[in-house]
Each structure stands twice: as structure tokens, then as C-alpha cells.
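**Student:** Using only what follows, build the 3D model:
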Amino acid sequence: MLSISTLIWVACRPLIRLVFCVSCGIIVTKKDMFPLVAARSVSQIIMNIGYPCLMFSKIIPAFTSDNLRALGPLVLVAVIYILLGTLLGFVVKQLCWVPHRFRYGILMAGAFSNVGDLPTAVALAVTSAAPFNGTDDQNLAVAYIAAFILVFIIGLFPLGGHRMIIWDFTGPDVEWTETKAQSHQKHRRSPFALRWRKPGFKASDTNTTPADTEKQAEEKSVEDIPFGLESSSKADPCDKVDSIPRNDLSKPESTILPIEPSPCATSINSLEQIQSQQSPRPRIPIPPSVINAIKSFFTPPSIAILVAFPIAVIPKLKALFVPVAGSSIPSAPDGQPPLAFLIDATSYVGNAAVPMALICLGSSLARLTIPKRGEWRKLPLGAIGLLAAGKLVLMPVIGVLMCQGLTKAGVIPKEDKVLRFVCIFCSCLPTATTQVFLTQVYSGTGSAEHISVFLIPQYILMFLTMTTLTAYTLHLLS
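**Tutor:** Predicted structure coming up:
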């Protein structure tokens, strides 16, 4: 059993390294030494080269046929966290007013957390000391985090999570005062508000006029139409054809001469048979959404993870990359497996991915717009505070209780301390900065003003809650 002072130090040490890298990114950005174009280029290098190499070099040595069963609990916990985050965003949207250009983005902010650089950086530091087993558990921790990254990528792109940002920027914008007023009216009409009203209260006591009520109803009906269905909800001019009386439809004059009926019906049948053979069969068009979903599976991180897992669990393939006991595959002249140089190369490149990702995170935080003194009244302070508290205070509590319950139920092996640590720690992650990049792309103006004010409190609160959760998790595992 580790002492309290030891637990606090072990929990703080990885965050010190994290703060150092993030601070470097903030400083070089504030000094104009790391422009936006360079930051985006480095981010592309990290996502398309750094992280694939890191996952490939860690998954193959770490995974075996014995711990392959850990994939089930990892995927289950990752999916539950996304669903709980989506529910959290929905509850925040119902209880507080949210900007019109962030009405669906808040669902994405609750669902998708930063499962890449933050847990990887902390797990590499924590698993290097007791009660873990050093390098072996470091590789295993990164391999387990790869499952969270895979679920993140699949949920964000193939399953269409990124489309929530597209829905935010569909249609005209609505002023914050009007959005706030509509939210207040909606809350007053909710069952929770009606329950606490006085018995003598009547709906006519509100200051809204019938014209205002009709206008709000129209705006609500338009707002509630899902993306992609606006055009189908409008009346089609072709539908009016049925309303035309049939006796007014005059028969058009044909310019084709009438054909005399042929005495031989077999010639007509043979002609129709030839035409049916020559006419090509109509092809069933594949929806573009299906094509885009399939393409999104073939991103470099997804390919690296999907390729590394089969190699790791098939002994003959694994023996080509890392030493395997009882393998008969001849070794290279240096005594290493024939393809061990690929593990060395990918490990060399992958080691730079985490610190560079943290520097890019600091650069992104440095570019977030901090509201000025007179702009605070325009901000959804209730939604900002509730989302930050939900993701970094409530979610860790739920994560600890859920993972402990799954451990007692036998879903998560009690002896696999790395698996338990990763599953619990991933419950205390702020919103992914990927949403900032996607918002800048889909907004059309390159701005991400709404997501910025939601991220700043989360990343400030993160250092306190992460330290507390890490110390408590180590106490559970020791």
C-alpha cells in the first residue's frame, strides 16, 4: 500500500510533464514562432505518421492471445463513455441556453473526449513505476488506449459524428438574445417548471402575444427539422398534378404515324425480347454517405491499428517482428527477428508523436478567444459550467463506479491493473480539440468562437481532477 504523499507525487508527476509540453506550445504561439499553418501541418504529420507508428510499435509487442479478451471491455467502456457524454450534452442543452451555432456541437462536445495525447502521456508516465511493471505495461497501456482511439475515429467519421457540426451551420444564424429568450420560454413550458408554479398561474399570464407564440412555433418547427430533410418537408410542385381535373387534360397530338397491327404476333414478341436483351440493367446507386463512411475507415491511424492487432495475436506473424518463445523463424544477422527493424523505426518516429501533440494542444489553447469584460453577458455561462462539471467531475465518479462494477462482475479482469487504470482514467478527459479544427473547416469563416469558451474551463479544471482521479485509482490498484 502506497502512502498518501507517494500517491500524490506519482499522480502529479505525469501532469508536470504534460504541463511543460503544453506550456511550450502556448509560449511559441504567443511569440508568433508557431503560426497556424505550421501547427496544422504538424498536426497532419502527427495524425498520419506519428500516431500510426506509435500504435503499430506498441500494439504488436504488447498484445497476445491471452490479453486479447481485453478488447471487449475496452470497446464496451469506450462506447458507454460516448453515449453518456452525448446524454450529458443533451441534458445541458435542455437545462441551459446554448448558442444557435452550437446547438448540436454541444452534443459532440459531450460525446467525444481527448482520448489521444492526454491519456497516452499520463499512462506512459504512471505505468513506468509501481504498482506496474515498467516497459511491458507501458506498451500495454498504449495498446489499450488504441482501442479508445479506434472507437473515437469510427464514431466521429464513419458513423457521422462530425455531421453535428455541419448541422450547426445549416441555415441562417440567430442572435444570442433571441436564442436565449426562446430557451427561457421553452423552460417555462417544461413539465419541471410547471410543477413548481403557483396553483393560480395561467398560461395567459405570460407577456407573449399570440403573434409571438405563432412566430416561435414556426421557428421551432423549422429548427426541429433534421439536417437533410428540409427540402423533403416542402411541398413538391409535382404533387399538384393530382389536383387537376382529368377532363381538362387533353390528349397531346402525336407526331408518330400509327402503326398497323401486325398479323404475326411472334415477330413483335421476338423484337421485344431482343430489345430487353440489349438494354442494360439499371445499377443500384450507392449513397455517397456509405462511400464516405467506408473511406473514413482507411485513415492511417485506423489502418495501423487494424493491421497491428492480427499480427500481435498470430504467433507466426508476430515472430517476424518481436522475439516469440518457441518460434522456428530464422533470425537476422544481428540475432533479432527479420522485421524487427520496422518496430525500431516506427518506435523511433512514434516517440515524437506524444510531445509534439501536446505542443500542438498548447498552440490550440493559445489561439482560443478569451471573452472581453463586456462580452461575458453574451456567453452561456450556465451551459459552460455545467458541461465542464459534468465531464470532469460527474463522469469520473460514474467511471469509477462503473469500472469497479464491471470488475466485480468479471467483465474486467481484476488482475489486469493496466486495463483497470486505462478504463477509469479515460472517464476524466476534456472535450477533444479536434472539434476546434472541424468547426473551423465547416463554419465557412474559419472561426470557432463558441467551442473556445467551452474548452477553456475544462482544460483548467482538468489538472485538478486528473491528479485526484489518478491518485485514487492508484490507491484502488495498490
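**Student:** Report the central residue of this protein.
**Tutor:** With distances taken as CA atoms, centre = their mean, F112 lies nearest the centre of the chain, 3.7 Å away.
**Student:** contacting residues for the closest residue in space to that residue that isn't next to it in sequence?
**Tutor:** Spatial nearest neighbour of F112, excluding adjacent residues (CB to CB, 6 or more residues apart in numbering): A432 at 4.9 Å. From N, CA and C alone the C-beta is placed, and that goes for glycine too. For A432, the contact set (CB atoms under 8 Å, 6 or more residues apart in numbering) comprises 112-116, 152.
**Student:** Among the residues you listed, which pair sits farthest apart?
**Tutor:** The span of the contacts of A432, defined through CB to CB, is set by F112 and G116 at 10.8 Å.
**Student:** shared neighbours, these two?
**Tutor:** Contact criterion CB under 8 Å, 6+ apart; residues shared by F112 and G116: 152, 432.
**Student:** Now, the contacts of A432 that are in helices?
**Tutor:** Using DSSP state H to define helices, the subset of the contacts of A432 located there is F152.
**Student:** Just the buried subset of the contacts of A432, written out for ChimeraX, thanks.
**Tutor:** In ChimeraX syntax, the buried subset of these is picked out as below (16 or more other CB atoms under 10 Å):
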select :112,113,114,115,116,152
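**Student:** can you give me the helices in the stretch 301-450 of the chain?
**Tutor:** 315-318, 340-350, 353-366, 381-389, 395-409, 417-425, 434-442, 449-477 (DSSP state H, counting those that start in this stretch).
**Student:** Is it possible to get TSV of the ones you listed that adds mean neighbour count?
**Tutor:** Listed next are those as TSV, based on neighbours: other CB atoms under 10 Å:
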stretch	mean neighbour count
helix 315-318	16
helix 340-350	16
helix 353-366	23
helix 381-389	19
helix 395-409	17
helix 417-425	24
helix 434-442	19
helix 449-477	19
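**Student:** where does this structure have its least confident helix or strand?
**Tutor:** Lowest on mean pLDDT, DSSP states H and E among the helices and strands of the chain sits helix 230-233, with a mean of 38.
**Student:** Tell me which of the helices of the stretch 301-450 of the chain sits nearest to A130.
**Tutor:** Between A130 and the helices of the stretch 301-450 of the chain, the shortest gap by CB to CB is with helix 449-477, which sits at 9.1 Å.
**Student:** how much does the closest one deviate in direction from helix 417-425?
**Tutor:** Put simply, helix 449-477 runs at 140 degrees to helix 417-425, going by axes from the mean of the first three to the mean of the last three CA atoms, to 10 degrees.
**Student:** before we move on, the earlier item: would you tell me which of the helices of the stretch 301-450 of the chain gets closest to A143?
**Tutor:** Of all these, helix 417-425 comes closest under CB to CB, at 9.0 Å.
**Student:** Distance-wise, check the residue nearest to F112 relative to A332.
**Tutor:** 41 Å (CB to CB, to the nearest Å).
**Student:** what's downstream of the helix or strand containing L150, the next helix or strand?
**Tutor:** For L150, the element it lies in under DSSP states H and E is helix 135-156. The first helix or strand that comes after helix 135-156 along the chain, using DSSP H and E, is helix 163-168.
**Student:** Could you give me the buried positions within that following helix?
**Tutor:** For helix 163-168, by 16+ other CB under 10 Å, it's 163-168.
**Student:** could I get those residues as CSV with distance to D137 and pLDDT?
**Tutor:** Formatted as CSV, these follow (distance: CB to CB, whole Å; pLDDT from 0 to 100):
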residue, distance to D137, pLDDT
R163, 38, 88
M164, 36, 92
I165, 37, 91
I166, 41, 88
W167, 42, 91
D168, 41, 90
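**Student:** nearest to F148, of these?
**Tutor:** Of these, the one sitting nearest to F148 (CB to CB) turns out to be M164, at 19.8 Å.
**Student:** Please report how far that closest one lies from P52.
**Tutor:** For M164, the distance to P52 - CB to CB - is 26 Å.
**Student:** again, but for P338
**Tutor:** Taken as CB to CB, the span from P338 to P52 is 21 Å.
**Student:** Of those two, give the one with the bigger neighbour count.
**Tutor:** Using other CB atoms under 10 Å, the more surrounded residue of P338 and P52 is P52, with 24 against 13.
**Student:** Look at the more buried one and give its secondary structure.
**Tutor:** helix (DSSP: H, G, I helix; E, B strand; the rest coil).
**Student:** quick one, what contacts it?
**Tutor:** So P52 contacts 300-301, 303-304, 346 (CB under 8 Å, 6+ apart).
**Student:** which of the residues you listed are buried?
**Tutor:** Buried among those by 16+ other CB under 10 Å: 300-301, 304, 346.
**Student:** Tell me the one of the buried residues of helix 163-168 nearest K417?
**Tutor:** Set against K417, the nearest of the buried residues of helix 163-168 by CB to CB is M164 (36.0 Å).
**Student:** Looks like the closest one contacts A109 (just checking).
**Tutor:** No: with contact defined as CB atoms under 8 Å, M164 does not reach A109; the gap is 9.4 Å.
**Student:** For A111, see how far away Q435 is.
**Tutor:** Q435 is 10 Å from A111, by CB to CB.
**Student:** list residues touching both of these two?
**Tutor:** Common neighbours of Q435 and A111 (CB under 8 Å, 6+ apart) do not exist.
**Student:** Quick check, pLDDT for I59.
**Tutor:** I59 is assigned a pLDDT of 93 by the prediction.
**Student:** Ignore what I typed, I meant A448.
**Tutor:** pLDDT for A448: 74.
**Student:** Show the contacting residues for the closest residue to it other than its chain neighbours.
**Tutor:** Counting by CB to CB, 6+ apart, A448 lies nearest to T439, which is 4.1 Å off, once chain neighbours are set aside. Going by CB under 8 Å, 6+ apart, T439 touches 105, 165, 168, 447-448, 450-451.
**Student:** Let me have those in a markdown table, adding distance to P287 as columns.
**Tutor:** Compiled in a markdown table, the contacts of T439 are given as follows (distance: CB to CB, whole Å):
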| residue | distance to P287 |
| --- | --- |
| G105 | 25 |
| I165 | 20 |
| D168 | 23 |
| S447 | 31 |
| A448 | 29 |
| H450 | 31 |
| I451 | 29 |
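**Student:** What's the local residue count around A319?
**Tutor:** Neighbour tally, A319, other CB under 10 Å: 20.
**Student:** Would you mind confirming that it makes contact with L339?
**Tutor:** No: look at A319 against L339 with CB under 8 Å: they stay out of range, at 9.4 Å.
**Student:** tally of neighbours for the nearest residue to V436 once chain neighbours are set aside?
**Tutor:** Nearest residue to V436, sequence neighbours excluded (CB to CB, 6+ apart): A448, at 5.0 Å. Residues near A448, counting by other CB under 10 Å, number 25.
**Student:** Next, the contact list for A448, please.
**Tutor:** Contact analysis of A448 by CB under 8 Å, 6+ apart lists 436, 439-440.
**Student:** what's the answer for T434, then?
**Tutor:** By CB under 8 Å, 6+ apart, the contact set of T434 is 112, 156.
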